[in-house]
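Q: all I have is the shape, not the residue letters:
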């Protein structure tokens, strides 16, 4: 079977913050409609990969393509046009606190489609319906729970029907039941919309529920130490860091 | 019956009359987020002119469709003011079912959870009154708690975080010297220049020195310095403490057994009360220097004459009164800034509100207390 063109391609990503080398020569590819997980312990650099992939930071070395368009070194117009292909759910949801949930979702629709107000309202209801927040459009973010904030953040990320969705720790800070609801929502979005989903997480429950393929980053090598399906990583990997990660304990490396 | 019209074509759709005198809208190409916004620019106007009893939407030539396309289909019925059964979709593509499965919105459903309605004016008035009462209660508790913390420091000076006092003395005082000096110098310059225009024709040039010295030392020096400190440090106190409040740092201090007032308010209060009078003295000095520049360059006064006249105009009481006022203003700024910080609730926007509120309240209190001091002085 012919392989699909990659939705995200990262080639030789090297990141340095001041004198500290954070990532070294990281390369991977994510294909259309995949749910791809970037795993790693705290401080391993997995969120750094995401920040570079969504263009918030420019790498010291390496190239990144989104839907075939290179964002590293692209001019500003091409860069912002490419960004419309992606939606991002930040770890803290990043809803604008002074706006209602509906206004948060309406913001990109109003700004980038120019649709009239009643059409925007209809689309906001469609998006909130998709994430199960039908009746919360007039609530402020401070009036809803953490799980609802994540859903509202997802609705906003999906507002412009992006081809790729980046989720930074989507179940962080949530109780297990709410976290599993978010996992189901991720699967539903992927199934119904065919959206490519890239998840940055260290939540083992989520990894096995949603991810089809994963890479694991470790600060000892500043790069990828394992790649494959979560089951393969757990069962077949001989790397002690990977084994320790899945067994939830540190394994001494000689 | 449909009113007769000539078929019209647009890049993504065509409107024509059906043989049964209904309306046919034929779409072609993609119906998604990229094309629907441009259709919305022309379609409402085109359909508004047409009156019809039914419409057929032909999707035979549509190759992709997303939820924006489905929303457009729903809106066509509203554009034409047709009943639910007034629309027929023809040549529905195979992918439409999947697209429709994305949509889980029922426009007629009544939400189980009541939506937040805007409050009426009476409720708003009541809410504001209740909040004001809570604020007053909080203010009284805050002042009481600060006084208790201060008494604790007096009884046991070791309880004072002396390093924090020094840090705040630097940020509130030393770092403010350049801006206070510049503003005061220019203020002295302006006052001397403007008063010279009135005094010069009477040959009373020398009294420009008295005017600048008296006005600055007893009134403008303390007020201007306090306003600058309120803008620089009062807002910073409110922003720092409100950030700590919303990130639960103050709660953490409390459960670790610290007195948050002793930890956060007292160092700022003592630092401000010590350095603002010093800043005022600097401000007075620079304003007199500004007046001196005008005296020498425009009024033909000598340095000695100007300085002698300044010294004669001032008394130790005037100077001390000005410094006493600035010490009171400093306490007002520190307490208001810290209070607003502690009152912050909610998210990041609360930090901005706390800082703004701290500056506005501080300036109001500075002017109010200055008026009170003026009244006290007049009956002295």
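A: Nice, I can see it. Fair warning: this is a prediction, and the values are worked out from it, not measured in the lab. Residues are numbered from 1 along each chain as shown, chains lettered A, B, ... in the order given.

Q: tell me which residue of the stretch 201-350 of chain B lies closest to chain A.
A: Residue of the stretch 201-350 of chain B nearest chain A, by Cβ to the nearest Cβ: residue B:347 (3.8 Å). Heads up, the C-betas are built off the backbone N, CA and C, glycines and all.

Q: could I get the buried residue list for the longest helix seen in chain A?
A: Ranked by residue count under DSSP state H, the longest helix found in chain A is helix A:176-193. Within helix A:176-193, the residues that qualify as buried are A:178, A:179, A:181, A:182, A:183, A:185, A:186, A:189, A:190, A:192, A:193, counting by 16 or more other Cβ atoms under 10 Å in any protein chain shown.

Q: elements contacting that helix?
A: Judged by 3 or more Cβ pairs under 8 Å, 6 or more residues apart in numbering or on different chains; DSSP states H and E, the packing partners of helix A:176-193 are strand A:35-40, helix A:146-157, strand A:196-201, helix A:204-210, helix B:96-102.

Q: so that helix versus strand A:196-201, what angle?
A: On the basis of axes from the mean of the first three to the mean of the last three Cα atoms, to 10 degrees, helix A:176-193 is oriented at 160 degrees to strand A:196-201.

Q: if we can go back for a sec, mind putting the helices and strands packed on helix A:176-193 into a markdown table with mean neighbour count, mean pLDDT and distance to residue B:190?
A: Converted to a markdown table, those look like this (neighbours: other Cβ atoms under 10 Å in any protein chain shown; pLDDT from 0 to 100; distance: least, Cβ to Cβ, whole Å):
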| stretch | mean neighbour count | mean pLDDT | distance to residue B:190 |
| --- | --- | --- | --- |
| strand A:35-40 | 25 | 92 | 62 |
| helix A:146-157 | 24 | 91 | 52 |
| strand A:196-201 | 25 | 93 | 59 |
| helix A:204-210 | 19 | 86 | 66 |
| helix B:96-102 | 15 | 66 | 67 |
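
Q: any idea which of the ones you listed gets closest to residue B:177?
A: Among those, the nearest to residue B:177 by Cβ to Cβ is helix A:146-157 (45.2 Å).

Q: can you give me the strands for the chain?
A: I went with chain A, as the question did not name one. Remark: strands assigned in chain A by DSSP state E are A:6-17, A:20-31, A:35-40, A:61-66, A:69-70, A:86-89, A:164-168, A:196-201, A:213-218, A:223-228.

Q: switch to chain B, please.
A: For chain B, the strands defined by DSSP E occupy B:8-9, B:13-17, B:23-31, B:55-65, B:87-90.

Q: residue B:320 is nearest to which of these?
A: Set against residue B:320 and scored by Cβ to Cβ, those come closest in strand B:23-31, at 80.7 Å.

Q: I'd like the mean pLDDT over stretch A:220-240, please.
A: Mean per-residue pLDDT for stretch A:220-240: 85.

Q: ok, and what's touching it?
A: Stretch A:220-240 has contacts (Cβ atoms under 8 Å, 6 or more residues apart in numbering or on different chains) with A:21-28, A:37, A:39, A:45, A:207-208, A:211-218, A:241-243, A:246, A:251-253.

Q: just the buried members of these?
A: Neighbour counting with 16+ other Cβ under 10 Å marks A:22-24, A:26, A:28, A:37, A:39, A:45, A:207-208, A:211, A:213-218, A:241-242, A:246 as buried within those.

Q: who in the stretch 51-200 of chain A is up against chain B?
A: With the criterion set to Cβ under 8 Å from any Cβ of the partner chain, the stretch 51-200 of chain A comes near chain B through A:97-98, A:100, A:113-116, A:118-119, A:122-123, A:125-130, A:134-143, A:160-161, A:192-193.

Q: who touches residue B:283 in this structure?
A: Residues in contact with residue B:283 (Cβ under 8 Å, 6+ apart) are B:180, B:181, B:183, B:184, B:216, B:221, B:224, B:225.

Q: kindly recompute the last result at 7 Å.
A: Neighbouring residues of residue B:283 by Cβ atoms under 7 Å, 6 or more residues apart in numbering or on different chains: B:180, B:184, B:221, B:224, B:225.

Q: how about residue B:43?
A: Contact partners of residue B:43, counting by Cβ under 7 Å, 6+ apart, are residue B:79.
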